[in-house]
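Colleague: Sequence first, then the predicted structure, then my questions.
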Amino acid sequence: MSNTAADTTVTGDQIVTSETARKLLALLRICFGLTFLWAFFDKLLALGFATGSMTDPKTGVTSVDRFGDAAWIHGGSPTFGVLKFDAAGPFKGLYNSIAGAGWADFLFMMGLLGIGLALTFGFGMRLAGIFGAVLYLLMWTVALPPANNPVLDDHILGAISVLVLAHTLAGDTWGVGKAWARKSFVVKNPILR
């Protein structure tokens, strides 16, 4: 009897043998996925949380322009404000120079959407882990050193977390990971797992 790639597919329950741990990893995966998706939709539509909300520094009054000019669909830039005004440290010049560039906006938004969908539904966990970690590390480098700790912040913890989720195949529990792993193109290209 021959051994095919499908016969040797490893599943999340073989990597993490505790059912409780698998469920907690699945919950963590879904929460991270929804965080990425929320950031995507907030920047896409200017829902008034991080995008479309402005606080007057003199009065402290916050005004909200939901679905307004800050929305990506209305020509707003999802990268301009952070990369232009919040960048600090050794990469400040680089980030200031690409702030608001169309290609940077597109790549950032597609990254948020792709990583968010993959983590939320549990497919493509390896790529979601890699690209999620890269995106988190890039966001970490925007303002160095971090404000509350000389090295660590939530971006580093996020990068490590999405890599753990990918390595433990957290998409197999409460997700489509097992079914996704059986697709012929995934069997032929294990990085898509």
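Modeller: Structure's in. What do you need?

Colleague: In space, what's closest to Phe49 - neighbours in sequence excluded?
Modeller: Spatially, and ignoring its direct neighbours in sequence, Phe49 is nearest to Asp42 (5.3 Å; CB to CB, 6 or more residues apart in numbering). In short, each C-beta sits where N, CA and C put it, glycine included.

Colleague: Is the one you found within a helix or a strand, and which one?
Modeller: Assigned by DSSP states H and E, Asp42 belongs to helix 19-45.

Colleague: what do you get for Ser63?
Modeller: Ser63 belongs to strand 62-64 when elements are defined using DSSP H and E.

Colleague: Quickly run through the sheet partners of that strand, with directions.
Modeller: strand 53-55 (antiparallel) (DSSP bridges).

Colleague: Quick check: buried residues in the helix holding Asp42?
Modeller: Neighbour counts using 16 or more other CB atoms under 10 Å place 21-22, 25-26, 28-30, 32-33, 35-37, 39-45 of helix 19-45 among the buried residues.

Colleague: elements contacting the helix or strand following the strand holding Ser63?
Modeller: Downstream of strand 62-64, the next assigned helix or strand under DSSP H and E is helix 80-81. Helices and strands touching helix 80-81, by 3 or more CB pairs under 8 Å, 6 or more residues apart in numbering; DSSP states H and E: there are none.

Colleague: Mind listing residues that contact helix 80-81?
Modeller: Residues external to helix 80-81 that are found in contact with it (CB atoms under 8 Å, 6 or more residues apart in numbering): Ala99, Gly100.
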